[in-house]
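S.K.: Here's a sequence, model it:
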Amino acid sequence: MYWISVLFLIAMFVPLSLSLICMPYLTRETVSFGVSVSEAMYHSAPLRRMRRQYVWTSSVAYGVLLIACLLAMLTMPEKQQPSIISGFVVLLIAASAVINLIFYTKMKRYKATLPQETLNPSVVAVDTSFRSGNKLVWSNKWFLIHGAVALISAALALAYYDKIPDTLNMKFNWQGEVTRTAAKSYRTVLGLNLMQLVMI
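M.R.: As a prediction, the model looks like this:
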C-alpha cells in the first residue's frame, strides 16, 4: 500500500508544485508578484532576475517538502500516512504563502525606488462584429461522445451482472482494508454509471 500512496502523492502534488513554481510566468505582463507594473518594467532585467529567484526558491522549498514527506511515509507506520499527507499539504500552502509574501514585499520595495510613471492618454477601439459571423458556444453534440461511453459502461455492467460478487466493496481506508460493503443490486452495480450521467 506504501507505493500506491507514494504514486498518489507524486501524481497529485508534483503538477501542483510545478504550477506554483511557474506562477510568475503564467500571470499577465502587467502584474508582477501581485503588483501592477508596465510591460516594459515586466521585461526589465531586475524583474527577470526576480522571477528566476522565485523559481529557484520555490523549487528548492517544494522539493525539500516532497522529499521529507516521502521519507516520512517510508519510515513511519502506514496508519500515520493520512497525517503525513495532511501535514504536507498544510506545509506546502504555508511555504507558498511565505514565498509569495516575500516576493510581493520585494516587488513593492523595488517599484517604490523607480520614478513615477506618467500616464499617456490612449484610445481603445473595440470590435464587436465577431459576434455576427462566429459561433460563440460549442455544439451540444459533443456530449454524445460522453453519453455513449456511459451507455457502453452500463451495458457492460448489465452484461456481466451475474459474474459480479454478491457483496460489493464500496469504501477502503488508507491501509487498503474494506470499511463499507453493499449487497449486489442493480442500483449499486449501476451507481458509477449514474454518476457518469450526473457529471455529463
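S.K.: What ranges does this protein have for its strands?
M.R.: 31-32, 35-36, 167-172, 178-183 (DSSP state E).
S.K.: Partner strands of the first one, with direction?
M.R.: Looking at strand 31-32 with DSSP bridges, its paired strands and their directions are strand 35-36 (antiparallel).
S.K.: can you give me the mean pLDDT across the strand it pairs with?
M.R.: Average pLDDT, strand 35-36: 77.
S.K.: before we move on, what about stretch 73-91?
M.R.: 78.
S.K.: Looking at the strands of the chain, which is nearest to residue 199?
M.R.: strand 167-172 (18.7 Å; C-beta to C-beta). C-beta: built from backbone N, CA, C; applies to glycine.
S.K.: elements contacting that closest one?
M.R.: Using 3 or more C-beta pairs under 8 Å, 6 or more residues apart in numbering; DSSP states H and E as the contact criterion, the elements in contact with strand 167-172 are strand 178-183, helix 186-189.
S.K.: Can you lay out those as TSV showing mean neighbour count and mean pLDDT?
M.R.: As requested, these are exported to TSV (neighbours: other C-beta atoms under 10 Å; pLDDT from 0 to 100):
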stretch	mean neighbour count	mean pLDDT
strand 178-183	11	85
helix 186-189	13	87
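S.K.: if we can go back for a sec, would you mind putting the strands of the chain into a markdown table with distance to residue 112 alongside?
M.R.: Converted to a markdown table, these look like this (distance: least, C-beta to C-beta, whole Å):
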| stretch | distance to residue 112 |
| --- | --- |
| strand 31-32 | 14 |
| strand 35-36 | 10 |
| strand 167-172 | 55 |
| strand 178-183 | 57 |
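S.K.: between the helices and strands packed on strand 167-172, which one is nearest to residue 115?
M.R.: Taking the helices and strands packed on strand 167-172 one by one with C-beta to C-beta, strand 178-183 is closest: 64.7 Å.
S.K.: residue boundaries of the helices in this structure?
M.R.: For the chain, helices defined by DSSP state H occupy the ranges 2-21, 23-26, 39-42, 45-75, 81-113, 130-133, 142-159, 186-189, 191-199.
S.K.: Of these, give the one that comes closest to residue 123.
M.R.: Comparing these by C-beta to C-beta, helix 39-42 comes nearest, at 17.8 Å.
S.K.: what mean pLDDT would you report for that closest one?
M.R.: Mean per-residue pLDDT for helix 39-42: 76.
S.K.: tell me which residues in it are buried?
M.R.: 41, 42 (16 or more other C-beta atoms under 10 Å).
S.K.: How about stretch 63-70?
M.R.: By neighbour count on 16+ other C-beta under 10 Å, the buried set for stretch 63-70 is 65, 66, 69, 70.
S.K.: Per-residue pLDDT of the closest residue to the last one other than its chain neighbours, please?
M.R.: Closest residue in space to residue 70, ignoring its immediate chain neighbours: residue 6 at 6.3 Å, by C-beta to C-beta, 6 or more residues apart in numbering. pLDDT, residue 6: 73.
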